[in-house]
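Trainee: Pasting a predicted model and its sequence here:
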Amino acid sequence: MRWLFVILILISTQSYAKIGDVIEQVGVTDIQRKGGETYEKINKDFNVESYDTVKTKNGKTAIQFVDETRVDVTENSKLVIDEFVYDPNTSTGKLALKASFGTVRYASGQIAKNSRQNVKIRTPTAVVGVRGTDFSLTVDETGNSTIILLPSCTEVPRPGGGVDRLCVTGEIEVSSDIGSVILNQPFQATVVETQKSNPLKPVSLDLTEDMINNLLIIRRPKELDLEVETDRIKALASALDLDFLEFRELNKDYLADDEDTWTSELDYDPLAQNFLYDALDASLAQILKQMQDEFERGERLSFLGRDETTGITVLDQDPNYIYLREDAQGNYVRIVLSKDTTYRINHNQAGNEVMDFDINPDGGAISNEITINQSN
């Protein structure tokens with residue numbers, strides 16, 4: 001019985017052995033072990049183990065695995081180490097990571113070079129198959145995944161002194177449940193919005209390595225926003241089978257009927273409020289979809305548009321509502337709200353209180369209350 005007990009202890013210890021180190025740490029990051037133990041405010045040289053969950057707060061963390069794979073995790077991100085197996089004798093193994101949200105930069109090590117079929121990095125909407133290279137991925141609050149292929153650069157000493165910078169670009173495959181694309185040019189990028197949508201056709205971004213070295217792409221580049229919106233418009237036109245040359249519904253003057261007016265994002269004037277508004281958020285595809293839905297239902301969503309009394313603007317950006325408000329002092333709020341629930345928003349903006357603003361299209365019970373207090 002003693003020998004059996006010792007063997008079990010050895011097996012358990014080996015299963016959760018060190019697989020890497022924290023090589024850079026700035027700010028606050030927590031690591032949670034599979035057994036439930038949490039290490040708060042980790043430091044440089046912290047030992048990383050299989051099945052660890054890395055959660056950055058205002059921190060930035062860089063991890064180097066024993067096969068020389070490096071992963072940088074920026075602020076407000078979550079990364080799960082699902083699997084890590086490595087044989088140093090053959091430099092082969094298996095690596096599986098999951099980026100739940102935030103931004104991560106990946107640089108290949110020995111496993112990707114010698115067992116590339118065994119390296120998978122997942123997000124809520126995409127799977128990245130690595131063929132020995134670097135890339136960054138960003139996952140937003142709705143699960144949209146933006147993946148950018150990066151060059152792998154090393155410094156090579158010159159025989160007479162100094163160094164040369166050598167950069168090469170590998171290849172990654174980005175897949176959803178229904179399709180995949182290959183990225184094989186530096187700074188090519190794609191977007192996967194849902195598991196059931198095709199990845200965006202690769203787009204070449206106007207970037208340099210210096211732009212992404214001091215950390216990562218936090219917001220989706222505008223070139224990608226434009227391509228995503230173009231794809232949505234094409235998909236919507238195809239789905240609705242609309243002939244835009246024959247589309248006459250816009251000729252109707254809805255303002256002539258005071259009892260049946262409605263608003264869309266086209267009615268939202270960003271110059272009427274003093275804040276920077278991303279015009280690409282004004283998705284023509286979503287506006288057309290909203291129009292089509294309303295024509296079919298024969299009803300209007302009365303809370304949409306701008307409320308002149310409160311200064312609140314509510315936009316329909318399916319599958320969400322967008323709540324916007326700014327006062328004269330520059331206090332600004334933008335909230336993305338899911339259409340799957342209802343809201344009552346109590347908003348105090350620098351003493352200008354808006355009481356009980358409801359977003360409740362069906363007239364049922366309010367399921368969420370949000371209180372916002374702002375000051376100059």
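Mentor: Yes, it's here.
Trainee: ranges for the helices of the stretch 1-150 of the chain?
Mentor: Along the stretch 1-150 of the chain, counting by DSSP state H, counting those that start in this stretch, helices occupy 2-15, 110-114.
Trainee: Where do the strands of the stretch 51-200 of the chain begin and end?
Mentor: Along the stretch 51-200 of the chain, the stretches classed as strands by DSSP state E, counting those that start in this stretch are 53-56, 60-65, 70-73, 78-87, 92-107, 119-122, 127-130, 134-139, 145-150, 152-157, 163-168, 172-175, 180-183, 188-192.
Trainee: mean pLDDT lowest for which of the helices of the stretch 1-150 of the chain?
Mentor: Lowest mean pLDDT of the helices of the stretch 1-150 of the chain: helix 2-15, a mean of 40.
Trainee: Pick the most deeply packed of the strands of the stretch 51-200 of the chain.
Mentor: Comparing these by mean neighbour count (mean count of other CB atoms under 10 Å), strand 145-150 comes out on top with a mean of 26. Just so you know, the C-beta spots here come from the backbone N, C-alpha and C atoms, and that holds for glycine as well.
Trainee: Quick one: mean pLDDT over it.
Mentor: In this model, strand 145-150 carries a mean pLDDT of 91.
Trainee: what does stretch 115-123 contact?
Mentor: Here stretch 115-123 makes contact (CB atoms under 8 Å, 6 or more residues apart in numbering) with 82, 92-100, 104, 106, 108, 111-112, 127-132, 137, 139, 143, 145, 192.
Trainee: switch the cut-off to 6 Å
Mentor: Residues from elsewhere that reach stretch 115-123 (CB atoms under 6 Å, 6 or more residues apart in numbering): 92-99, 111-112, 127-128, 130-132, 139, 145.
Trainee: what does stretch 138-157 give?
Mentor: So stretch 138-157 is contacted by 99, 101, 103, 123-126, 133-137, 163-169, 172, 174, 183, 186, 188-193, 217, 220 (CB under 6 Å, 6+ apart).
Trainee: that older thread, how about the strands of the stretch 51-200 of the chain in JSON lines, adding distance to residue 318?
Mentor: Formatted as JSON lines, the strands of the stretch 51-200 of the chain follow (distance: least, CB to CB, whole Å):
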{"stretch": "strand 53-56", "distance to residue 318": "31"}
{"stretch": "strand 60-65", "distance to residue 318": "34"}
{"stretch": "strand 70-73", "distance to residue 318": "31"}
{"stretch": "strand 78-87", "distance to residue 318": "26"}
{"stretch": "strand 92-107", "distance to residue 318": "21"}
{"stretch": "strand 119-122", "distance to residue 318": "26"}
{"stretch": "strand 127-130", "distance to residue 318": "26"}
{"stretch": "strand 134-139", "distance to residue 318": "20"}
{"stretch": "strand 145-150", "distance to residue 318": "19"}
{"stretch": "strand 152-157", "distance to residue 318": "39"}
{"stretch": "strand 163-168", "distance to residue 318": "41"}
{"stretch": "strand 172-175", "distance to residue 318": "24"}
{"stretch": "strand 180-183", "distance to residue 318": "25"}
{"stretch": "strand 188-192", "distance to residue 318": "17"}
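Trainee: So which of those is nearest residue 343?
Mentor: Nearest to residue 343 among the strands of the stretch 51-200 of the chain is strand 92-107; the distance by CB to CB comes to 21.9 Å.
Trainee: What helices and strands are in contact with the closest one?
Mentor: With contacts taken as 3 or more CB pairs under 6 Å, 6 or more residues apart in numbering; DSSP states H and E, strand 92-107 sits against strand 70-73, strand 78-87, helix 110-114, strand 119-122, strand 134-139.
Trainee: Output these in TSV, with distance to residue 38 appended to each entry.
Mentor: Output for those, formatted as TSV (distance: least, CB to CB, whole Å):
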stretch	distance to residue 38
strand 70-73	16
strand 78-87	13
helix 110-114	27
strand 119-122	23
strand 134-139	22
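Trainee: what's the closest of the ones you listed to residue 207?
Mentor: Closest to residue 207 of the helices and strands packed on strand 92-107 is strand 134-139 (CB to CB; 10.3 Å).
Trainee: Alpha carbons of that closest one, as PDB, please.
Mentor: Once non-C-alpha atoms are left out, strand 134-139 reads as follows in PDB (Å, rounded to 0.1, in the frame of the first residue of the first chain):
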ATOM      1  CA  ASP A 134       3.100  35.000 -35.400                       C
ATOM      2  CA  PHE A 135      -0.400  36.600 -35.200                       C
ATOM      3  CA  SER A 136      -2.600  38.600 -33.000                       C
ATOM      4  CA  LEU A 137      -6.300  38.000 -32.300                       C
ATOM      5  CA  THR A 138      -8.900  40.300 -30.600                       C
ATOM      6  CA  VAL A 139     -12.200  39.000 -29.200                       C
END
